[in-house]
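S.K.: Provide a 3D model corresponding to the input given below.
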Amino acid sequence: MEMTFSRSSEQTVLLIREMSEVAAARRMACSLGQRLGFNETRLGQLALVVTEAATNIVKHAAPGEILLRPLQCGSQAGIEILALDDGPGMFDLSLQMEDGQSSKGSYGVGLGALKRLSQEFDIFTLPQQGSVLRMALWADGEMPSASHWDIGAICLPLAGQEACGDAWAISSGPSDLAIMVSDGLGHGADAAMASQLAVDSFEMSLNKDAYSPPEKLISTINKDLHGSRGAAIAVAQIDKESKLLEFSGVGNISAGVFNGTRRKHLISHNGIVGSNIHKLTRSELAWDCSALFIAHSDGINTRWSLGEYPGLEQCHPGIIAGILYRDFNRHCDDVCVVILRVAF
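M.R.: Got it, this is the predicted structure:
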C-alpha cells in the first residue's frame with residue numbers, strides 16, 4: 001500500500017497591526033505561491049484572500065497574526081492560511097457569510113467570497129473570544145482527491161530564533177497513519193538538528209516497513225540521535241480498520257485522544273531520546289474515527305480544555321491548532337502542535 005509522507009516545513013508567522021503589514025503578508029504569500037507553482041490567476045486569488053483576511057484583523061481585531069504553511073499531497077501543492085485574532089469575534093457568523101456582507105474598511109469581498117476562492121475554508125468565532133479563520137488554496141484549484149486524514153499543524157521557533165527545535169512527521173495511507181512529534185532539547189540550531197535527525201530516522205524506518213510498533217520506532221530514533229543534543233519524542237500508530245491506536249513516548253510531549261467530552265491522556269516516560277531512556281512501553285487505546293488526536297511540545301501550556309470553546313471540536317484540526325497556539329503559547333520556547341482526525 002502506498003504511503004504518503006508529510007513533515008514540518010518552513011512555516012511563516014506575520015504580526016498584523018497596520019496596513020503596511022497587510023502588504024507584507026500579501027507579498028510573502030505570493031512569493032510562496034510562486035515557488036509552489038501557482039499560476040497568475042491562482043496568485044491573484046491568493047493575494048486577495050490574504051489581503052482580506054489581514055485587513056479584517058487591522059480594522060477589527062489588531063493585533064493579530066497570519067500564518068502561512070506550504071501543503072503537499074502527492075503531486076499537488078498548496079498553501080494554508082491561518083488568520084488569528086483575539087478581538088471581539090463575530091456575533092452573527094451566518095450573516096457575515098452572506099454575499100454582499102463585507103468588513104468595514106476591507107476590500108469588500110467578504111467571508112462568502114473568501115470561501116468560494118478557497119478549496120478549503122473553516123472559521124471559529126465566539127463573541128468576545130476572537131476568531132480563527134483557516135483557508136487552503138491549491139495550485140491547480142482542486143482539493144486533493146487522495147486526502148484520507150485532516151491534519152492541522154503549527155511548528156514555529158521561539159521569537160528571535162531562526163531554527164525551530166521542534167518538528168513533526170506523518171506517514172499516512174487510506175486506513176492507517178503513523179505520527180511522530182519531536183522537541184529537541186533547548187532551542188536553536190542544535191535542537192533543530194536533533195529533531196531533523198528524528199524525522200529522518202522515522203521516515204527511513206517506515207520506508208523499510210510501513211508498520212513498525214511505536215516503541216520500536218523510538219528505539220531506532222534513540223540510536224540515530226546518539227551524539228546529538230537529544231529530544232523528547234512521541235510516536236503514535238492509528239489503524240482505522242482495527243480501530244486501534246498504539247502510542248509510545250519519552251519526555252515532555254503531551255498527547256491525548258479526544259472524543260466528544262471524553263479526554264484520554266497518553267503517558268510518556270521520563271528520559272531523553274538519544275541519551276538516556278529509562279523505559280519504553282506501548283499503550284493501546286480503542287480508536288473512534290470521529291476522535292481527535294492531539295500532540296504538542298511544552299511550548300504549549302497543558303492547561304487547556306476544548307470544552308471552553310463550544311463547537312471547536314467539530315472544526316478542521318488546523319482551526320483547533322490555531323486556538324491552542326493563540327491562547328496557550330508559553331512564549332518562552334519553540335512551539336509545535338499537531339492535530340488530526342479521519343477525513344470525511
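S.K.: may I ask you to confirm that residue 317 is in contact with residue 150?
M.R.: Yes. Taking CB atoms under 8 Å as the definition, residue 317 is a contact partner of residue 150 at 5.3 Å. In this view, the C-beta of every residue, glycine as well, is placed from N, C-alpha and C.
S.K.: joint contacts of the two?
M.R.: Common neighbours of residue 317 and residue 150 (criterion: CB atoms under 8 Å, 6 or more residues apart in numbering): 340-341.
S.K.: these two: who's more crowded?
M.R.: residue 317 (24 against 18; other CB atoms under 10 Å).
S.K.: any idea how far the more buried one is from residue 112?
M.R.: Note on residue 317: its distance to residue 112, by CB to CB, to the nearest Å, is 24 Å.
S.K.: same check, this time on residue 132
M.R.: 18 Å.
S.K.: if you count what's nearby, which of these two comes out ahead?
M.R.: Ranked by neighbour count (other CB under 10 Å), residue 132 and residue 112 place residue 132 first, with 28 against 16.
S.K.: wouldn't that one be in contact with residue 126 here?
M.R.: No. At 10.2 Å, residue 132 and residue 126 do not qualify as touching, with contact defined as CB under 8 Å.
S.K.: and stretch 153-171, how far from the chain's centre?
M.R.: When distances are taken as CA atoms, centre = their mean, to the nearest Å, stretch 153-171 is centred 10 Å away from the chain's centroid.
S.K.: okay, it in CSV with CA atoms only?
M.R.: This file holds the C-alpha atoms of stretch 153-171, laid out as CSV (Å, rounded to 0.1, in the frame of the first residue of the first chain):
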residue,chain,number,x,y,z
ALA,A,153,-0.1,21.7,12.4
ILE,A,154,1.8,24.7,13.8
CYS,A,155,5.5,24.5,14.3
LEU,A,156,7.4,27.7,14.9
PRO,A,157,10.7,28.7,16.6
LEU,A,158,11.0,30.9,19.7
ALA,A,159,10.7,34.5,18.8
GLY,A,160,14.2,35.8,17.8
GLN,A,161,15.4,32.3,16.7
GLU,A,162,15.7,31.3,13.0
ALA,A,163,15.7,27.5,13.6
CYS,A,164,12.9,25.6,15.2
GLY,A,165,13.9,22.8,17.6
ASP,A,166,10.5,21.2,17.4
ALA,A,167,9.4,19.0,14.4
TRP,A,168,6.7,16.5,13.3
ALA,A,169,6.4,13.9,10.7
ILE,A,170,3.5,11.8,9.4
SER,A,171,3.2,8.7,7.2
